[in-house]
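can't give you the sequence, but here's the structure:
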Ligand SMILES: [Zn+2]
């Protein structure tokens with residue numbers, strides 16, 4: 001029983017490893033696409049208006065880049081967990097994260113129960129701060 005379970009787990013891990021490696025490859029080599037976009041842009045658009053829209057695009061790219069960097073970190077930590085054998089284990093309660101949850105969100109670090117607790121806590125903190133502000137405004 002345990003052997004079947006762990007070999008199933010191995011197959012799952014290999015599947016996730018592949019997903020992460022593919023995602024990382026896409027994240028690490030976007031230059032080709034980007035430079036093509038830029039070349040196309042500067043050929044087709046050349047007046048000042050378009051220059052500012054290009055700047056906007058660059059800002060967007062920067063924002064996107066920092067999100068990509070964060071995502072790359074998450075993927076790296078997930079890959080490290082796969083080799084350490086702790087992938088799919090909730091960081092909070094040490095229980096296995098539901099497989100369906102991992103399939104939907106492979107970089108999930110908390111099981112759904114802990115995630116919901118965390119979100120409830122965040123929500124409470126947020127609403128407490130809103131309450132404080134309201135109280136301050138009233139005072
Ligand atoms: Zn948990």
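The structure has been received and is ready for your questions. Since we're looking at a predicted model, the values are computed, not measured.

how is this protein carved up into domains?
According to automatic domain parsing, the chain comprises the domains 1-87, 90-139.

Nearest to the ion among those would be which one?
Closest to the ion of these, according to Cβ to the ion: domain 90-139, at 3.1 Å. Just so you know, the C-beta spots here come from the backbone N, C-alpha and C atoms, and that holds for glycine as well.

Can you give the distance of that closest one from its chain's centre?
Domain 90-139 has its C-alpha centroid displaced from the chain centroid by 16 Å (Cα atoms, centre = their mean, to the nearest Å).

wait, does it contact the ion?
Yes - counting by Cβ under 5 Å from the ion, the ion is contacted by domain 90-139 at 90, 92-93, 111, 114.

ok so, going back, CSV please, covering the domains of the chain and showing mean neighbour count and mean pLDDT.
As requested, the domains of the chain are arranged in CSV below (neighbours: other Cβ atoms under 10 Å; pLDDT from 0 to 100):
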stretch, mean neighbour count, mean pLDDT
domain 1-87, 12, 79
domain 90-139, 12, 89
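
re the thing from before, now, the most widely separated pair of the residues of domain 90-139 next to the ion?
92 and 111 (7.4 Å; Cβ to Cβ).

what about the longest helix in this protein?
The longest helix of the chain (DSSP state H) is helix 48-84.

Not counting the next helix or strand after it itself, show me its contacts.
Where DSSP states H and E defines the elements, the next helix or strand beyond helix 48-84 is helix 99-104. With Cβ atoms under 8 Å, 6 or more residues apart in numbering as the test, helix 99-104 has contacts from 12, 16, 88, 108, 111-112.

Could you rerun that using 6 Å?
88, 108, 112 (Cβ atoms under 6 Å, 6 or more residues apart in numbering).

Which elements pack onto the longest helix of the chain?
Applying 3 or more Cβ pairs under 6 Å, 6 or more residues apart in numbering; DSSP states H and E, we find helix 48-84 packed against helix 2-28.

what helices or strands is the helix it packs on leaning on?
Using 3+ Cβ pairs under 6 Å, 6+ apart, helix 2-28 sits against helix 48-84.

what angle do the helix it packs on and helix 2-28 make?
Note on geometry: by axes from the mean of the first three to the mean of the last three Cα atoms, to 10 degrees, helix 48-84 and helix 2-28 are set 160 degrees apart in direction.
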